[in-house]
Every structure is written in C-alpha cells, then in structure tokens.
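Colleague: have a look at this prediction, sequence included:
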Amino acid sequence: MTSNDMVVREGTNVTLNCKAKGFPEPYVMWRREDGDEMAIGGENVNVVDGEILHITKVSRLHMAAYLCVASNGVPPSISKRVQLRVQFPPMLSIPNQLEGAYVGQDVVLECHTEAYPASINYWTTERGDMIISGKLQ
C-alpha cells in the first residue's frame, strides 16, 4: 500500500510507505520533489533507500512533495508523489514596532505571519476594538 497525501501536526512522527512490484525486483527510494535535502535521523540526505520513509518529530521544514521512485533496470522508472503538509501555529513578526503620525495623517501598520493552515489576522486597539481597513470596528 502506498501512502496518499497527508496533513500532520508539527512534532508528530510520520511514516510514508511505497510498495512496488516487478521482475527483476525493483529498487525503491524516496526523495523530495524540489531536490532539497531531507533532515532524517539527525542527518541531511538527498535520498532514503527503501519502501519506508520515517520522519521523527516532523517540522514545518519537512512540508514538501515527496517522490517514491521505483526502478529495476527495465525502462521506464515509475514514481508516486506524496504531498506532506505540516500544521503549525502562527508565528508573526512586525518589522516596525513603533510608528509615529500626526493627527489625521495616514499610517501603515505591517505584520508578517506564517502558519498552516493560514491564520486569520487583524489589528486591535489597546481597548480591544478591532481595526479593519483603516476604521475602528
């Protein structure tokens, strides 16, 4: 049984399986579709040999498409694509943490967020009033 696309929480363990049949017996390996190295077992590797790819304590850096490639010397090689998505809580950064403006002057507040799934972002005043599109709500 070959794994399908997966969504997992950051910090959990993940096992991707890939079965291949053929004669002669196929060689099976896993790699990232984008060609980046994989952090597996404390090492950075380009390829993991075998039908099983086990990732311990998955992180957002593991979020990618993985390819299981099977070949036995008889063309063509075949591959199966598995998309791994990792859920993680929002992280935010505010480039300018202090902005000044005259009364009546326009000001732009900037906030960068990273999360999966995407976060819902909004600004509030000190009293908790929500600011949407430049107006207090």
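Modeller: Nice, thanks for sending it over.
Colleague: can you show me the strands along the protein?
Modeller: For the chain, strands defined by DSSP state E occupy the ranges 6-9, 14-17, 27-32, 38-40, 43-45, 48-49, 52-55, 64-71, 78-93, 112-116, 123-124, 130-132, 135-136.
Colleague: which secondary element of the chain has the worst mean pLDDT?
Modeller: strand 135-136 (a mean of 45; mean pLDDT, DSSP states H and E).
Colleague: tell me, how many neighbours does Val45 end up with?
Modeller: 13 (other CB atoms under 10 Å). Any C-beta I mention is one placed from the backbone N, CA and C, and that applies to glycine too.
Colleague: OK, contacts around the most far-flung residue of the chain relative to its centre?
Modeller: The C-alpha centroid of the chain is most remote from Val103, which lies 42.9 Å away (CA atoms, centre = their mean). If you count contacts by CB atoms under 8 Å, 6 or more residues apart in numbering, Val103 has none.
Colleague: kindly report the same for Ala65.
Modeller: With CB under 8 Å, 6+ apart, Ala65 has these contacts: 32-34, 81-84.
Colleague: about what we covered before: now distance to Glu99 too, for the strands of the chain, in a markdown table please.
Modeller: Output for those, formatted as a markdown table (distance: least, CB to CB, whole Å):
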| stretch | distance to Glu99 |
| --- | --- |
| strand 6-9 | 36 |
| strand 14-17 | 42 |
| strand 27-32 | 40 |
| strand 38-40 | 38 |
| strand 43-45 | 41 |
| strand 48-49 | 48 |
| strand 52-55 | 42 |
| strand 64-71 | 37 |
| strand 78-93 | 15 |
| strand 112-116 | 15 |
| strand 123-124 | 12 |
| strand 130-132 | 13 |
| strand 135-136 | 17 |
